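# Sharing a model that was predicted from the sequence below.
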Amino acid sequence: MTTAPERTTDLYPTRGATEVITPRKDPVVWSEPGAPGPIEASDLQAYERDGFLAIDQLITPDEVGIYAGELERLISDPLIRADERSIVEPKSQEIRSVFEVHKISQVFADLVRDPRVVGRARQILGSDVYVHQSRINVKPGFGASGFYWHSDFETWHAEDGLPNMRTVSVSIALTENYTTNGGLMIMPGSHKTFLGCAGATPKDNYKKSLQMQDAGTPSDEALTQLASEYGIRLFTGKPGSATWFDCNCMHGSGDNITPYPRSNVFIVFNSVENTAVEPFAAPVHRPEFIGARDFTPVR
């Protein structure tokens, strides 16, 4: 366990009286040109430009079966359901997410260490990495709620204390992502503009925000402006496909009112050179199962 240092200079103010737009002050791709890794140079350039990289098949169909089976095992376990790391839908009371799955499950711990996964994170971030957050997301059919538009970095900066935009997420599909079952939407290029949101962070905000986003939510006017400038991309794909995306992408997903479930495993890698300090816009940092305070590199 590593103790976070005191707060540093705030490059990205947020949660004040008004919304504030700040141009990005950090690189998007941190590795040197030509640095070795599994991502082709042209794909890295596209990632730098758009803020995301979609991969048709990151894991094989056989592996999808293993991870999907482990997901079902976890959400069916009464002990897991009773654990504070499990978040349930406010209406149906079905499990929505289970956090810190790389510590709960050896199967997902092995996935985090897989060179196809951690190798891409190291290449994008230009350093060793640790897991800031991991979770499985379950969006069953017939009414599972979506995730409203937000920048993950806004929350991780405000409430977890990540100083810089040196963090990357990967969402690996374990079910088919259709155009209709609440898939991931990203505004391409939005990662180069930081939108500081208005409003103070309530105490224990995470307990509400993991079910329904409130603090850290952009205004309709700001979202309209961003969408007009950048557009919106909806991601579809087979089980085993993956989307890598920058921590500051404006993104969200709709409700799933179809009969077709949408489940994925979600891993957030942060650079060991960007470890969390004290929160920039919250009275205390969130629990460690949501925002890690153990900065041990993935090996």
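In hand now; what should we look at?
# All the strands of the stretch 101-250 of the chain, residue numbers only.
For the stretch 101-250 of the chain, applying DSSP state E, counting those that start in this stretch gives strands covering 129-139, 147-151, 167-173, 184-186, 193-196, 233-234, 242-246, 250-253.
# Compile these into TSV and extend it with columns for mean pLDDT.
Listed next are those as TSV, based on pLDDT from 0 to 100:
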stretch	mean pLDDT
strand 129-139	96
strand 147-151	95
strand 167-173	98
strand 184-186	98
strand 193-196	98
strand 233-234	98
strand 242-246	98
strand 250-253	97
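# Who does the residue sitting nearest the centre point of the chain form a beta bridge with?
Centrality entry for the chain: nearest residue to the mean C-alpha point is residue 169, 4.9 Å, by Cα atoms, centre = their mean. Beta bridges link residue 169 to residue 245, residue 268 when assigned by DSSP bridges.
# again, but for the one 4 residues further on
Judged by DSSP bridges, the bridge partners of residue 173 are residue 264.
# right, and it touches residue 238 too?
Yes: contact criterion Cβ atoms under 8 Å: residue 173 and residue 238 qualify, at 7.1 Å. Heads up, the C-betas are built off the backbone N, CA and C, glycines and all.
# which of the two has more neighbours?
residue 173 (26 against 13; other Cβ atoms under 10 Å).
# any idea how far residue 139 is from the more buried one?
As judged by Cβ to Cβ, to the nearest Å, residue 173 and residue 139 stand 11 Å apart.
# now residue 177
Shown here: residue 177 relative to residue 139, a distance of 10 Å by Cβ to Cβ.
# Same question for residue 158.
In terms of Cβ to Cβ, residue 158 sits 25 Å off from residue 139.
# quick one: buried residues of stretch 138-148?
Within stretch 138-148, the residues scored as buried using 16 or more other Cβ atoms under 10 Å are 138, 139, 140, 144, 145, 146, 147, 148.
# what's the answer for stretch 10-24, then?
Judged by neighbour count using 16+ other Cβ under 10 Å, the buried positions of stretch 10-24 are 12, 14, 15, 24.
# Which members of those residues are the farthest-apart pair?
The span of these, defined through Cβ to Cβ, is set by 15 and 24 at 18.4 Å.
# rewinding a little: want to try JSON lines for the buried residues of stretch 10-24, with distance to residue 62 and secondary structure as columns?
Listed next are the buried residues of stretch 10-24 as JSON lines, based on distance: Cβ to Cβ, whole Å; DSSP: H, G, I helix; E, B strand; the rest coil:
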{"residue": "12", "distance to residue 62": "42", "secondary structure": "coil"}
{"residue": "14", "distance to residue 62": "43", "secondary structure": "coil"}
{"residue": "15", "distance to residue 62": "45", "secondary structure": "coil"}
{"residue": "24", "distance to residue 62": "40", "secondary structure": "coil"}
